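>>> please work out how this folds:
(one chain, ligands or ions: 2)
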Amino acid sequence: MAKAMKGVTLFADWEPRPDFKLGSKDIEKKQTYLGSKVWRNPHIEIVEHSIPEPGPGEVLIEVKACGICGSDVHMAQPDEEGYILYPGLTGFPCILGHELAGVVVKADEKAFDKRTNQPFKGGEFVCAEEMMWCGECKPCADGYPNHCERLNEIGFNVNGAFAKYIVLPAKLLWNLESLKKRYKGDDIFLAGSLVEPTSVAYNAVIERGGGIRPGDNVVICGGGPVGIAACAILKRNGAARVILSEPQPERAELGKKLGADYVINPIKEDFVQRVLELTDGMGANLYLEATGLPTVVYPQIEKAIWEGKTVNSTVVVVARADAKMPVTGEVLQVRRARIIGAQGHSGHGTFFRVIECMGDGMDMTPMITKKITLDEVPENIISLRTDRKECKITCLI
Ligand SMILES: [Zn+2]
Ligand SMILES: [Zn+2]
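Numbering: from 1, shown residues only. Ligands and ions are numbered 1, 2, ... in the order given. Predicted coordinates:
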């Protein structure tokens with residue numbers, strides 16, 4: 001086996017803004033939990049890295065497919081002052097890429113496959129959680145790995161999967177055996193690379209939002225990958241009507257292909273009026289905020305809850321936004337509504353269930369609108385700054 005491999009690597013300068021103070025989890029010149037306050041002049045280069053060796057409990061994986069996530073775009077995108085847009089945990093230089101699927105090459109003897117409860121043998125097809133939860137802090141021990149206090153993240157502060165190989169702890173890996181009956185060849189890995197973003201949607205609407213009962217109505221605001229995945233999951237969960245609100249026609253069409261019964265263009269149409277028309281005046285049992293524009297979207301959701309006849313609606317906020325949501329307490333009180341925040345994809349049986357749904361025919365692969373090579377990853381991360389026509393751009397390695 002070769003000793004070196006190419007990796008799509010993000011470099012940036014450590015130049016903290018004047019108001020930045022090194023936090024307890026930050027490491028000077030290396031890592032911060034507040035990326036957009038520290039890193040300047042980001043640039044992506046394909047450079048050589050040595051192929052990593054698996055340590056205790058770890059697995060060497062040959063990466064076969066890896067999708068570009070919005071966070072990859074924002075980590076590499078400067079604002080007017082040159083600082084990266086991505087606000088979270090980051091440590092550079094770092095190989096990007098966290099939506100991966102691949103084949104186990106070799107594994108430590110203590111690296112266990114959860115499917116068999118035996119050590120990985122080599123040759124297994126796997127995907128991975130992106131969040132490297134520690135398993136030992138209080139939130140982890142309490143069963144909330146999405147809120148780990150000692151989190152590392154693949155492709156953010158730990159080398160990611162836009163490379164031929166990656167080493168990961170076995171605890172983050174999920175066997176893709178169930179996909180083999182539905183997909184062949186590269187399609188197994190393309191589907192496998194969508195388990196992570198689909199799990200973010202599953203965690204939001206099922207685990208955090210509580211799911212729905214067959215016959216309920218749902219409204220998904222925002223037709224990005226998470227919003228579209230939520231359409232598929234909620235249709236499968238038995239929704240009578242899945243309504244997707246999304247202005248971009250290509251994304252709205254894709255939403256329809258994956259489970260939306262109706263689409264609303266919130267720029268050209270009256271959102272509340274359309275939701276009430278489509279639900280015969282009832283409104284929805286579950287609303288998902290997946291746009292990142294809660295100050296614009298939430299007042300519309302609230303109006304639909306107020307003017308509709310459904311009680312006990314749940315609003316799930318999954319898109320990140322550093323913005324105040326204008327909430328009217330009376331609407332929540334009179335309509336018995338609730339607002340829930342959702343983050344992450346780990347724990348709660350989510351990855352396993354998403355893989356089983358995919359194996360049973362929940363086909364997410366139409367979300368991949370473009371397939372590229374490793375050499376084409378940097379230019380595509382940059383083009384996604386403005387291109388809203390593509391949904392998921394995925395690298396086949
Ligand atoms: Zn992501
Ligand atoms: Zn932890």
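
>>> hey, let's count contacts and neighbours off CA atoms from now on
Fine.

>>> number of residues surrounding the residue in the stretch 151-300 of the chain positioned nearest to ligand 2?
Closest contact between the stretch 151-300 of the chain and ligand 2, by C-alpha to the ion, is at Leu151 (6.2 Å). Leu151 sits with 18 neighbouring residues when counted by other C-alpha atoms under 10 Å.

>>> you'd agree Glu302 is up against Val331?
Yes: here Glu302 reaches Val331: they are 7.1 Å apart, a contact under C-alpha atoms under 8 Å.

>>> these two: which is more packed in?
Each of Glu302 and Val331 has its neighbours counted (other C-alpha under 10 Å); Glu302 has more, 20 against 16.

>>> quick one: list the elements packing against the helix or strand hosting the more buried one.
If you go by DSSP states H and E, Glu302 is part of helix 294-307. On a contact count with 3 or more C-alpha pairs under 8 Å, 6 or more residues apart in numbering; DSSP states H and E, helix 294-307 meets helix 271-278, strand 286-289, helix 329-334.

>>> let's see that with 10 Å instead.
Applying 3 or more C-alpha pairs under 10 Å, 6 or more residues apart in numbering; DSSP states H and E, one finds that helix 294-307 contacts strand 217-221, helix 271-278, strand 286-289, strand 314-317, helix 329-334.

>>> show me what contacts the closest residue to Pro145 other than its chain neighbours?
Counting by C-alpha to C-alpha, 6 or more residues apart in numbering, Pro145 lies nearest to Trp133, which is 5.7 Å off, once chain neighbours are set aside. Applying C-alpha atoms under 10 Å, 6 or more residues apart in numbering, we find Trp133 in contact with 139-140, 144-153, 171-172, 346-347.

>>> ok, Leu85 touching Ala321?
No: using C-alpha atoms under 10 Å, Leu85 makes no contact with Ala321, being 12.0 Å away.

>>> okay, the angle between the helix holding Glu302 and strand 217-221?
160 degrees (axes from the mean of the first three to the mean of the last three C-alpha atoms, to 10 degrees).

>>> buried ones in helix 294-307?
Within helix 294-307, the residues that qualify as buried are Pro294, Val297, Tyr298, Pro299, Gln300, Ile301, Glu302, Lys303, Ala304, Ile305, Trp306, Glu307, counting by 16 or more other C-alpha atoms under 10 Å.

>>> confidence score at the residue located most distally from the centre of the chain?
Centroid-distance maximum for the chain: Val334 at 33.6 Å, with C-alpha atoms, centre = their mean. pLDDT recorded at Val334 is 97.
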